[in-house]
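Participant: give me coordinates for this.
(one chain, ligands or ions: 1)
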Amino acid sequence: MTPTPQDLAGAVLTVDLAAVRDNWFILSRRAGPARCGAAVKGDAYGLGVGPVARALWQAGCRSYFVARPAEGAELRAILPQAEIYVLDGLFAGQAAYYAAHDLRPALISLAEAEAWAAYGKARGVPPPCALHADTGINRLGFPPDELHALLANGPLLAALNVSLLMSHLACADEPGHAMNARQRDAFAALRRRLPGVPASLANSSGIFLGSSYTYDLTRPGLALYGGNPTPDAPNPMQPVVSLEARILQVKTIRPGETVGYGGSWQAARQTRVAILGAGYRDGVPRALSSRGAQGPAHVAIAGQRCPVIGRVSMDVMAIDVTDLPAESAAVGAPAEIFGRHISIDEAANWAGTISYELLTRLGSRYARHYTGQESEPGA
Ligand SMILES: *Cc1c(COP(=O)(O)O)cnc(C)c1O
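Facilitator: Presented below is the predicted three-dimensional model:
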């Protein structure tokens, strides 16, 4: 028998597309009557833009946000009818590329607005675009003075086919932060200057700030992929991703012996150690190495938590399975690094980062496995 990729992998990443669709429905209901879009930048946060975007389209999602123009072109080949916005804005000299792939730049400056308007004039029909206003995050977006100059420039505005006014919240995951209401009020004032243009402010966490933040279209990313958009409350989303590593070896060591590079972890008792086939090349952060004072990271075997011991290395990592029944910690058994028992937010927190970074830095060496595909209509 020819082995499957899973048979030969040290670790398997499973992406549950049914959970992606469920999460889109949860967010749609939560923000209704606003339409729910999707941020699928960065290869859908590392999960694979092809399967993820097709699942979202089947759920009913029609508006998508990518970062780079090339991500937009890749998505266009997957979803011929979607509305695709490019958050990076309009790259100089690339208007024809955007138009060829039917991409809508989220314009961030007067110079970009002039370039897109000029391209539209040359073509005869101005192609759609978004205006991305900076309402205080001071990241991408029109600075207020440039946006006011555009709004005061009737001919330039008339030469643009603006299909969306958008802005981005800096502190949406902190519901009590004063910046949220300030940005919302600045956005509302801009919106009154562009009557009839659909508006979009909320990312995943923004949807949970309440109905005054959701406007016409939302742009969730992380929550679709199972991250918690309400960090101070239980996660309302379904888990989507799990990473399971194979146990390669189990050994027993004596008290006083150490595990891994640098001998950084020392056994206080006779210890059963399981070596897992996943390391930092697979996207397991080296920062998950045991650290003493802050308490160790854990993985789950048959639903039971086992501490990570010693340093995570390139290909393997070690865990303490002394307290597990021998049969559950057997060679070949799977150990969950994150998934149903250990959330992506918890694992990221142990590594001193956020679930966004954990997902987008996952390597490519494990076998990828998609579940919950809906069959194509008529197929
Ligand atoms: C990434 C991004 C989003 C999605 O953010 P999440 O926090 O993942 O929901 C929405 N809007 C903009 C402008 C973004 O850059």
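Participant: how about the closest residue to the ligand within the stretch 201-350 of the chain, what does it touch?
Facilitator: Nearest to the ligand, among the residues of the stretch 201-350 of the chain, is residue 221, at 2.7 Å (Cβ to the nearest ligand atom). No exception for glycine: its C-beta is placed from N, CA and C like everyone else's. If you count contacts by Cβ atoms under 8 Å, 6 or more residues apart in numbering, residue 221 has them with 38, 39, 40, 41, 45, 65, 203, 204, 356.
Participant: all helices for this structure, in order.
Facilitator: Taking DSSP state H as the test, the helices found in the chain are 5-8, 17-31, 41-45, 49-59, 69-78, 95-100, 110-123, 144-151, 154-158, 178-193, 204-207, 344-350, 355-360.
Participant: got the confidence number for residue 123?
Facilitator: With respect to pLDDT, residue 123 has a value of 94.
Participant: who's in contact with the closest residue to it other than its chain neighbours?
Facilitator: Residue nearest to residue 123 in three dimensions, not counting chain neighbours: residue 99, with 7.1 Å by Cβ to Cβ, 6 or more residues apart in numbering. Neighbour list for residue 99: 119, 123, 127 [criterion: Cβ under 8 Å, 6+ apart].
Participant: let's see that with 10 Å instead.
Facilitator: Neighbouring residues of residue 99 by Cβ atoms under 10 Å, 6 or more residues apart in numbering: 105, 116, 119, 120, 123, 125, 127.
Participant: likewise residue 248?
Facilitator: 10, 274, 275, 276, 277, 278, 315, 316, 331, 332.
Participant: and the pLDDT at it?
Facilitator: Reported pLDDT for residue 248: 98.
Participant: what's the answer for the one 5 residues further on, then?
Facilitator: We note a pLDDT of 98 for residue 253 in this prediction.
Participant: looks like it contacts residue 268 (just checking).
Facilitator: No: here residue 253 does not reach residue 268: they are 11.1 Å apart, not a contact under Cβ atoms under 10 Å.
Participant: between the two, who's got more neighbours?
Facilitator: residue 253 (16 against 8; other Cβ atoms under 10 Å).
Participant: beta partners of the more buried one?
Facilitator: On the basis of DSSP bridges, residue 253 is bridged to residue 271.
Participant: how far away is the residue nearest to residue 123 from residue 83?
Facilitator: 14 Å (Cβ to Cβ, to the nearest Å).
Participant: the protein against the ligand: which residues are in contact?
Facilitator: Contact residues (Cβ under 6 Å from any ligand atom) of the chain with the ligand: 39, 41, 65, 87, 168, 203, 204, 219, 220, 221, 222, 223.
Participant: what about the third one, distance to residue 85?
Facilitator: Read it as residue 65. 5 Å.
Participant: what sits in contact with each of the two?
Facilitator: 37, 39, 72, 104, 106, 130, 164, 166, 200, 217, 219.
Participant: looking at it, residue 238 is touching residue 18, isn't it?
Facilitator: Yes: assessed by Cβ under 10 Å, residue 238 is found in contact with residue 18 at 8.5 Å.
Participant: who has more neighbours, these two?
Facilitator: residue 238 (18 against 15).
Participant: flag the shaky bits of the chain, pLDDT-wise.
Facilitator: Along the chain, the parts satisfying pLDDT under 70 run over 292-294, 376-379.
Participant: can you pull up the most central residue in it?
Facilitator: Nearest to the geometric centre of the chain sits residue 45, at 3.6 Å (Cα atoms, centre = their mean).
Participant: find the nearest non-adjacent residue to residue 183, please.
Facilitator: residue 135 (4.3 Å).
Participant: pick the most deeply packed of the helices of the chain.
Facilitator: helix 204-207 (a mean of 25; mean count of other Cβ atoms under 10 Å).
Participant: quick one: contacts of that one?
Facilitator: 23, 26-28, 30-31, 34, 36, 39, 168-169, 171-175, 180, 183-184, 200-201, 213-215, 218-225, 227-231, 236-237, 356.
Participant: out of the residues you listed, which end up buried?
Facilitator: Neighbour-count burial (16 or more other Cβ atoms under 10 Å) applied to those gives 23, 26-28, 30-31, 34, 36, 39, 168-169, 171-173, 180, 183-184, 200-201, 213-215, 218-225, 227-230, 237, 356.
Participant: ok, residue 159 to residue 121 distance?
Facilitator: 6 Å.
Participant: repeat that for residue 196.
Facilitator: Counting by Cβ to Cβ, the gap from residue 196 to residue 121 is 22 Å.
Participant: and residue 166, by the same measure?
Facilitator: Distance from residue 166 to residue 121, by Cβ to Cβ: 24 Å.
Participant: got it, and residue 170?
Facilitator: Counting by Cβ to Cβ, the gap from residue 170 to residue 121 is 35 Å.
Participant: how about residue 23?
Facilitator: Distance from residue 23 to residue 121, by Cβ to Cβ: 42 Å.
Participant: next one: residue 66
Facilitator: 26 Å.
Participant: ok, residue 309 - how many residues close by?
Facilitator: 24.
Participant: for the residue nearest to it when sequence neighbours are not counted, give the beta-bridge partners.
Facilitator: Among residues not flanking residue 309 along the chain, residue 265 sits closest, at 4.5 Å (Cβ to Cβ, 6+ apart). On the basis of DSSP bridges, residue 265 is bridged to residue 259.
Participant: just give me the neighbour total for residue 265.
Facilitator: 24.
Participant: that one and residue 102, how far apart?
Facilitator: Distance from residue 265 to residue 102, by Cβ to Cβ: 54 Å.
Participant: check residue 133 too.
Facilitator: 23 Å.
Participant: more neighbours: which of these two?
Facilitator: Taking neighbours as other Cβ under 10 Å, residue 133 and residue 102 compare with residue 133 leading, 28 against 16.
Participant: is it true that the more buried one touches residue 142?
Facilitator: Yes: using Cβ under 10 Å, residue 133 is in contact with residue 142, at 5.1 Å.
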